[in-house]
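Asker: my questions concern the predicted model and sequence given below.
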Amino acid sequence: MALPLTGSLLTIIFVRIPRAPARLRSLAGLPTVIGAAIALIAAWLLRGQSDWEAVIGGWSPISFTGLPLAMADFAPAAGIIIAWVTVYFLNGLESLAASPDERDSVAGALCVASLTLVAFANNFVALLVGLGLTDLCTAYAALRQQGSGRAAMIQLMLNGVSITALIFVAVIHAAGGNSLHRPLVRLGDSTAPLMALAVALRLNVVPFRALPSAWSDPQNSAGAVSGLLVLTRLPGLGITGLPGWFYALALVGGLLTLIIAALQAEARKDALVPAAVTAGAYLAGASAILNMPGVTAAATIAWLIGTALIGRPGPVDAPPWVKSVRRAMRGVGALCLIGLPPMVGLVGHAGVITAWTARGTDGWPFALAWIVCLVLMVYALLTIVFSSTGEAVHDVRPAQERHHLSAQLAREAIGGLSAGVPVLLFGVAPALLTAGSLAEVLGRHGALGWAGWAVAVAAGALLWRLESRWRPAIGPIREWTTRALDLSWFYSLLDGAIGRLRYPFSRAFDLLESDGTLLWAIIAVLLIVLISRPGGP
């Protein structure tokens, strides 16, 4: 938890050294990468430990709630943390090519610590503290991006409502004399709607989102990761099933996001990456239908690493072999998201279609929506993989640049290895995520699941291959269809309603903020406190 933050702080110190030599400033990114690398090794070692528990905070939470900040082993969450630190490590490698002044890894380092607290929280207090810290770090990172202030504040507000819902569940549970210690908590299905609402808010599913592509950047998806971590906990807390509207919102959100991106793809190919990131998060949340934490964890790992790989285009000024390597990495990420054996995406997809069709007529619409989402995802991923880089040609760079090329080759090799290990290892050995053996995963998929997956992949490939034929046909309806599906009209109405509701309150605040009003308010509060004391003032 501390290593990424330590590396980031050392990087800041390097950059701010007055009159530092240029060679020293060029090494400023190394502490961040070294800290991330050691943290990644520590995450793998932590996954190898079992039945551990630690108290990391014995301060005010004990006096306030009677519980410390306790953490304990949870194998599915350990896999998600490995994937998250892997993405953080890949971003650190990428930042080595950036100028020192452009590096900002503090928010990412804090997210590593806060998400670790969420992942291994052994009571509700640790969970709530971790979620709050994650929200603050995510909002800080989003506010630093130009033009994303409104979306960041809306997301922070929605996450605050999510935490409020979790606090309400915890208070009601504790009021009945029950323990908030995770192994002893049994909430029951009566709290499933409120817990589903808390997760839906964190995933920013429709209509709880500020933009058509809620998670426009894989680096800023800590809020969605925290929601999926909560989702992996629900079966252990006694919640055996979520309401159908949660899965409906997730699948509808994925469909809307991918359809809008597909309609805009002719003019903006770059819109497909954020759409794939957002839809992948929604599909990972929908995998909770199997009520198996290991399956949800596998879908989350596939989403995290897969979207991180497809979001790594070859730089314009890079040699052709780098562009070819990046295309290969995007291909691996796409196959992971599609769920090709033996990658971890298969563990997250296996059995989802079968689980819905087993519910009869009520489940078939969900199964069909899942297949259509996968069709559009395959189309988007094929477009991303084959539209961004050129063909590799012989590299004839000068000899004085060979040391730069060798360093770049080392970065690409290390990045590919660090991303490929969890993708393949958790896919071949899903028991590491408590998702059963590989034979159980293949059997869980069933004949119907394999048929639906194959049809979706084939249809998505056909849609991509015949794009030049169907795209001109939708030209006349593309613009108004996009405007209708992106729900901009809904958010305009919502902004207007909020403005009208805010009007009387703003007038009241103008009155309260006048001269002398604050002093009178303090006097009134003091009088109330004195009068309410036992025995009078």
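Answerer: Thanks, I have the structure now.
Asker: helices along the stretch 251-400 of the chain, start to end?
Answerer: For the stretch 251-400 of the chain, the helices defined by DSSP state H, counting those that start in this stretch cover 272-286, 293-310, 320-338, 344-349, 352-357, 364-387.
Asker: ok, which of these comes nearest residue 49?
Answerer: helix 293-310 (17.1 Å; C-beta to C-beta). For glycine as for every other residue, the C-beta is placed from the backbone atoms N, C-alpha and C.
Asker: CA atoms only: put that closest one into CSV for me.
Answerer: Extracted C-alpha coordinates of helix 293-310, given in CSV (Å, rounded to 0.1, in the frame of the first residue of the first chain):
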residue,chain,number,x,y,z
PRO,A,293,-17.2,-13.9,-6.1
GLY,A,294,-14.5,-15.7,-8.2
VAL,A,295,-16.4,-15.2,-11.4
THR,A,296,-17.0,-11.5,-10.8
ALA,A,297,-13.3,-11.1,-9.9
ALA,A,298,-12.3,-12.9,-13.1
ALA,A,299,-14.6,-10.6,-15.2
THR,A,300,-13.1,-7.6,-13.4
ILE,A,301,-9.5,-8.7,-14.0
ALA,A,302,-10.3,-9.3,-17.7
TRP,A,303,-11.8,-5.8,-17.9
LEU,A,304,-9.0,-4.0,-16.1
ILE,A,305,-6.1,-5.6,-18.0
GLY,A,306,-7.9,-5.9,-21.3
THR,A,307,-8.9,-2.3,-21.4
ALA,A,308,-5.5,-1.2,-20.3
LEU,A,309,-3.9,-3.1,-23.2
ILE,A,310,-6.4,-1.8,-25.9
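Asker: hang on, residue 55 in a strand?
Answerer: Yes: according to DSSP: H, G, I helix; E, B strand; the rest coil, residue 55 belongs to a strand.
Asker: with adjacent residues omitted, what lies nearest to it?
Answerer: In this structure, residue 55 finds its nearest non-sequential neighbour in residue 68, 4.8 Å apart by C-beta to C-beta, 6 or more residues apart in numbering.
Asker: for stretch 78-85, give me every contacting residue.
Answerer: 4, 36, 39-40, 43-44, 46-47, 111-112, 115-116, 119-120, 222, 225, 228-229, 232, 297-298, 300-301, 304-305, 422, 426, 432-433 (C-beta atoms under 8 Å, 6 or more residues apart in numbering).
Asker: pull up the distance across stretch 338-352, start to finish.
Answerer: End-to-end distance of stretch 338-352: 13 Å, with C-alpha to C-alpha, to the nearest Å as the criterion.
Asker: could you do stretch 115-124 as well?
Answerer: Criterion C-alpha to C-alpha; first-to-last residue distance in stretch 115-124 is 14 Å.
Asker: average model confidence for it?
Answerer: Mean per-residue pLDDT for stretch 115-124: 92.
Asker: before we move on, back to that, cross the contacts of stretch 78-85 against strands and list the overlap.
Answerer: Using DSSP state E, no member of the contacts of stretch 78-85 falls in strands.
Asker: how deep is the residue nearest to residue 55 tucked in, by neighbour count?
Answerer: 17 (other C-beta atoms under 10 Å).
Asker: got the phi/psi numbers for it?
Answerer: When read as degrees, to the nearest 10, the backbone of residue 68 gives phi -90, psi 180.
Asker: again, but for residue 49
Answerer: The phi and psi torsions at residue 49 (degrees, to the nearest 10) take the values phi -90, psi 150.
Asker: report pLDDT for residue 143.
Answerer: Residue 143 is given a pLDDT of 74.
Asker: and of the helices of the stretch 251-400 of the chain, who's closest to residue 96?
Answerer: Proximity to residue 96 (C-beta to C-beta) singles out helix 320-338 among the helices of the stretch 251-400 of the chain, at 13.6 Å.
Asker: for that closest one, buried residues please.
Answerer: Across helix 320-338, burial judged by 16 or more other C-beta atoms under 10 Å covers 321-327, 329-338.
Asker: how distant is that helix from the center of its chain?
Answerer: With C-alpha atoms, centre = their mean, to the nearest Å as the basis, helix 320-338 stands 21 Å off its chain's centre.
Asker: angle of it against helix 272-286?
Answerer: 30 degrees (axes from the mean of the first three to the mean of the last three C-alpha atoms, to 10 degrees).
Asker: which stretches in this protein count as strands?
Answerer: Using DSSP E, strands in the chain cover 53-57, 69-72.
Asker: just name the most buried of those.
Answerer: Of all the strands of the chain, strand 69-72 has the most neighbours on average by mean count of other C-beta atoms under 10 Å, namely a mean of 20.
Asker: quick one, grab the pLDDT at residue 450.
Answerer: Residue 450 carries a pLDDT value of 92.
Asker: so residue 181 is in contact with residue 67, correct?
Answerer: Yes: in this structure, residue 181 is within contact of residue 67 by C-beta atoms under 8 Å, at 7.4 Å.
Asker: which of these two has more neighbours?
Answerer: Between residue 181 and residue 67, counted using other C-beta under 10 Å, residue 67 has the larger neighbour count: 19 against 14.
Asker: nearest residue to residue 133 other than its sequence neighbours?
Answerer: For residue 133, the nearest residue in space outside its immediate sequence neighbours is residue 114; the separation is 3.7 Å by C-beta to C-beta, 6+ apart.
Asker: check contacts around that neighbour.
Answerer: Contacts of residue 114 by C-beta under 8 Å, 6+ apart are 130, 131, 133, 134, 137, 222, 226.
Asker: then residue 174?
Answerer: Counting by C-beta under 8 Å, 6+ apart, residue 174 touches residue 180.
Asker: any idea how far it is from residue 296?
Answerer: Residue 174 sits 26 Å away from residue 296, going by C-beta to C-beta, to the nearest Å.
Asker: ok, residue 463 next?
Answerer: On the measure of C-beta to C-beta, residue 463 and residue 296 end up 28 Å apart.
Asker: okay, those two: which has more neighbours?
Answerer: Just comparing residue 463 and residue 296: by other C-beta under 10 Å the higher neighbour count belongs to residue 296, 29 against 18.
Asker: so what's that one scoring on pLDDT?
Answerer: Listed pLDDT for residue 296 reads 95.
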